[in-house]
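S.K.: No letters, just coordinates:
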């Protein structure tokens, strides 16, 4: 018992909470993987069985998106469809409802050619016949067989093999015996109900029994898929390794109110339900190939999903049916090499099983290991070992969450009421803990092992205008809203986007303000200081690409903060003897702002820098995205520099002591009501004009660099108008603000998923009650915040021992790693 107490005492509270949450999630992951998840390990059943309609991404009136429960379905493009089916045959057999799927697949391959051929068939009035369609090596065939009893269909099924035919591996076989890659069979229910009379059920059963043997044969595909994929010698295999597949559609449930009078006499709900009930009671190795999701698509509102005849679905639903079929066949783990591929339905986990088990063993081992000073040689520092442990655990967890398929990823949706409510909850909850500012900003700005001490020339109160605790508080409040903005996909709402753009600009303002004030007060322009700052900003975003297969520029915040820090540093270091004089410093700011604006917005300059970085470090950048991000905040940074220079000048001499005295802010106190009115009115006017007049993202982005300073200066002025407000700060957001950079980067992989394009879930909670849902999110969020804090402390620990030579070694290691990796 004593050993347990000592072991527990050796852990930092943050580490204890973080690793406890990690243990609980690993425990649930093991239960989910080895017990519960065995029912549908590849999430094929989720794809084929159930789902819901989600609103269009960019328009209320656009086509809706079908989302299976518990996995992400990809809407296959023309190029992706060609990649999957090139050199293969896709066969569909059944009635006119299956023919719709045939034409939807043809539209994916070649929309113009499909439209032309469909018009020819309609003009010739030859609907009930076999069809073929070929486009760039892909062959589609439709067999008109509403009873599933034709000779041609039987021959096609006889040629079916679960594994790719030898012709796909270089051998020569006759074309006519090559197995189709995909076969979609339409249940004969509608024709049996319409024309079968009282024998409709026996006719329906005969059709199903004709193909049931082949459905059982196709089940071998599911049994052998994992072994076939795990035996792949490398990750360079393409879709050729995907097993062949047969799917059966359920009996289409029509829109009964839209049917003609003659059809309503025979196509009745009782008959359709009876036939679908028969399908649901087939052996499990056959029902697993029934695409029940086809009927789920029209259950929510059948009047909107059908054409006028009440039997045939509209084009959007037909397109989504094809996507379900393609996802069931084409989501091969080999394509997961491409980070742009986001599908998780019908994807096997076998390809990274061994790595996953090793990762689990590693995490369990490090959770039981705590460096102790008495057990270490004198030349090894336990704090450095603990920092290295936390870095490795964080990187490993990022890979488990987002680099494997162990966790589910589901689409995000913007719901305005929920988003506003949770933001208000965050703001109100953040106000629950007030702390008094006890340390001056000059003390906070000093760094460990710095050879230069900060000269404190004003009173302690002078440092409380935008003190370090206060800037951390503002960063934390903003970061909480930004995280919720990403989690709730609120970028779809223009009014929210405009507010968040201001918050991001305020972050750059505060960053520039802090760096400028530090440099002006300490005059520490040493290369060691530069190395420490650059290391702390970039360590995480530089290491993650090696683990996640992403790029450094994927985490755009770190490159942007790095760029603006270097701009501020170079500007202040140049002619630094004039930095205490406000007018020469102002001229430097104006000249630098003009030069940087031209550098960012003029094509060619950024390309030169990024090309050089790629040549040296093999770091790739999306130059257009980088230009867009930097241009949005190209002036607010210099506003931060200007405010910092005024604060430094005002608090460095008694003659220009402007912002505070021992009792109250002199400048603010002399006209506090006017400041309240001007700042509040300016903020309200800014929100009114931007929300009511700039009706597109493009128009707002064009204006943002020139107007973002208005709300930023208004907010920081209102925050500091009263001396009482200067003396306290909100503890909860301040804590989040200190780790804002880490939370912004880690959200890509361990709070969200799919590189911040989906919600990360533990699996098994898709239909859970609200309490269980909240427990899941609380666990994920606790681990996310805890690991961000651990990474923050780890980088601070490493930075505390970093020298110029150590930083060069770090850069050399990155260079070698990128050279090998690429």
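M.R.: Received, thanks. Since this is a predicted model, take the numbers as computed values, not measurements.
S.K.: Any idea which helix or strand in this structure has the lowest mean pLDDT?
M.R.: Of all helical and strand segments in the chain, the minimum by mean pLDDT, DSSP states H and E falls on helix 441-445, at a mean of 42.
S.K.: next helix or strand past it?
M.R.: For helix 441-445, the following helix or strand on the C-terminal side (DSSP states H and E) is helix 468-487.
S.K.: And that next one, what's buried?
M.R.: 468-487 (16 or more other CB atoms under 10 Å). C-beta here means a position set from N, CA and C on the backbone, and glycine is covered the same way.
S.K.: For it, name the packing helices and strands.
M.R.: Here helix 468-487 is seen to pack against helix 416-430, helix 441-445, helix 494-522, helix 709-719, strand 728-730, helix 731-738, helix 740-750 when contacts are counted using 3 or more CB pairs under 8 Å, 6 or more residues apart in numbering; DSSP states H and E.
S.K.: who touches stretch 779-798?
M.R.: Stretch 779-798 is touched from outside by 14-15, 17-18, 21-22, 24-25, 383-384, 386-388, 390-391, 393-394, 397, 535-536, 539-540, 736, 738-739, 741-743, 746-747, 750-751, 760, 762, with contacts defined as CB atoms under 8 Å, 6 or more residues apart in numbering.
S.K.: Pull out the buried positions in it.
M.R.: Neighbour-count burial for stretch 779-798 [16+ other CB under 10 Å]: 779-780, 782-798.
S.K.: now do stretch 278-286
M.R.: 278, 279, 282, 285, 286.
S.K.: Apart from its neighbours in sequence, what residue is nearest residue 281?
M.R.: Of all residues not flanking residue 281 in the chain, residue 287 sits nearest, at 7.9 Å (CB to CB, 6 or more residues apart in numbering).
S.K.: Report the contact partners of that neighbour.
M.R.: Applying CB under 8 Å, 6+ apart, the residues near residue 287 are 279, 280, 281.
S.K.: In a markdown table, list those residues along with distance to residue 216 and secondary structure.
M.R.: Shown next, in a markdown table, are the contacts of residue 287 (distance: CB to CB, whole Å; DSSP: H, G, I helix; E, B strand; the rest coil):
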| residue | distance to residue 216 | secondary structure |
| --- | --- | --- |
| 279 | 14 | helix |
| 280 | 16 | helix |
| 281 | 15 | coil |
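S.K.: where does the residue of the chain most remote from its centre land in three-state SS?
M.R.: Ranking residues of the chain by C-alpha distance from their mean position (CA atoms, centre = their mean) puts residue 198 at the top, at 54.4 Å. When classified by DSSP: H, G, I helix; E, B strand; the rest coil, residue 198 comes out as helix.
S.K.: For the remainder of this discussion, apply numbering that starts at 4.
M.R.: That works, and once the first residue is 4, the last one we named lands at residue 201.
S.K.: For it, give me the pLDDT.
M.R.: For residue 201, the pLDDT comes out at 90.
S.K.: now do residue 780
M.R.: 88.
S.K.: Ramachandran coordinates for the residue nearest to residue 284?
M.R.: Per-residue torsions, residue 290: phi -70, psi -20 (degrees, to the nearest 10).
S.K.: same question, residue 249
M.R.: phi -120, psi 130.
S.K.: which ones are touching it?
M.R.: The neighbours of residue 249, taking CB under 8 Å, 6+ apart as the test, are 160, 163, 185, 186, 187, 188, 214, 217, 218, 220, 221, 292.
S.K.: Show me which of those residues are buried.
M.R.: By 16+ other CB under 10 Å, the contacts of residue 249 give 160, 163, 185, 186, 187, 188, 214, 217, 218, 221, 292 as buried.
S.K.: So which of the contacts of stretch 782-801 belong to strands?
M.R.: residue 763 (DSSP state E).
S.K.: Is it possible to mark the buried ones in the contacts of stretch 782-801?
M.R.: Buried by 16+ other CB under 10 Å: 17-18, 20-21, 24-25, 28, 387, 389-390, 393-394, 396-397, 400, 538-539, 542-543, 739, 741-742, 744-746, 749-750, 753-754, 763, 765, out of the contacts of stretch 782-801.
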